[in-house]
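In: A structural model of the following input is requested.
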Amino acid sequence: MSGQANSRDVVQRDDGTWAVTAPGAQRASATAGTQAEAIERGSEILRNGGGGELRVHGRDGQIRDQRTISPGNDPYPPKG
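Out: Here you go, the predicted model:
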């Protein structure tokens, strides 16, 4: 799924901070001190960009969670 039109990965950097990255990008879209903050920022970036997939990597680099983020302006959000 990497290379998807609108997706981001939350990964830990060597210095212990967390980065939100787009596939193939040279720089992070955002950085945060905690994984939770990076997940929130990544979700916000995707929501503002029309929705997409957020992949959360664990400390070992393996994908541990994948979330579909809906657009922030979705006129027909799911009932729940």
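
In: contacting residues around the nearest residue to residue 6 once chain neighbours are set aside?
Out: Closest residue in space to residue 6, ignoring its immediate chain neighbours: residue 52 at 3.3 Å, by Cβ to Cβ, 6 or more residues apart in numbering. The C-beta positions use only the backbone N, C-alpha and C, and glycine is treated the same way. Counting by Cβ atoms under 8 Å, 6 or more residues apart in numbering, residue 52 touches 4, 5, 6, 7, 8, 46, 68, 69.

In: strands of the protein, residue ranges please.
Out: Under the criterion DSSP state E, strands of the chain are mapped to 7-12, 18-21, 30-32, 52-57, 63-69.

In: in TSV: those strands, plus distance to residue 42 and mean pLDDT.
Out: Output for the strands of the chain, formatted as TSV (distance: least, Cβ to Cβ, whole Å; pLDDT from 0 to 100):
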stretch	distance to residue 42	mean pLDDT
strand 7-12	5	97
strand 18-21	4	98
strand 30-32	7	98
strand 52-57	5	98
strand 63-69	8	96
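
In: count the neighbours of residue 53 for me.
Out: Neighbour count for residue 53, taken as other Cβ atoms under 10 Å: 17.

In: so the nearest residue to it once chain neighbours are set aside versus residue 70, what's the distance?
Out: In this structure, residue 53 finds its nearest non-sequential neighbour in residue 7, 4.3 Å apart by Cβ to Cβ, 6+ apart. From residue 7 over to residue 70 the distance is 14 Å, taken as Cβ to Cβ, to the nearest Å.

In: between the two, which has more neighbouring residues?
Out: Per other Cβ under 10 Å, whichever of residue 7 and residue 70 has more neighbours is residue 7, with 20 against 15.

In: that one and residue 15: what is the separation?
Out: Residue 7 sits 24 Å away from residue 15, going by Cβ to Cβ.

In: isn't residue 49 up against residue 6?
Out: Yes - at 5.4 Å, residue 49 counts as touching residue 6 under the criterion of Cβ atoms under 8 Å.

In: cool, thanks, talk later.
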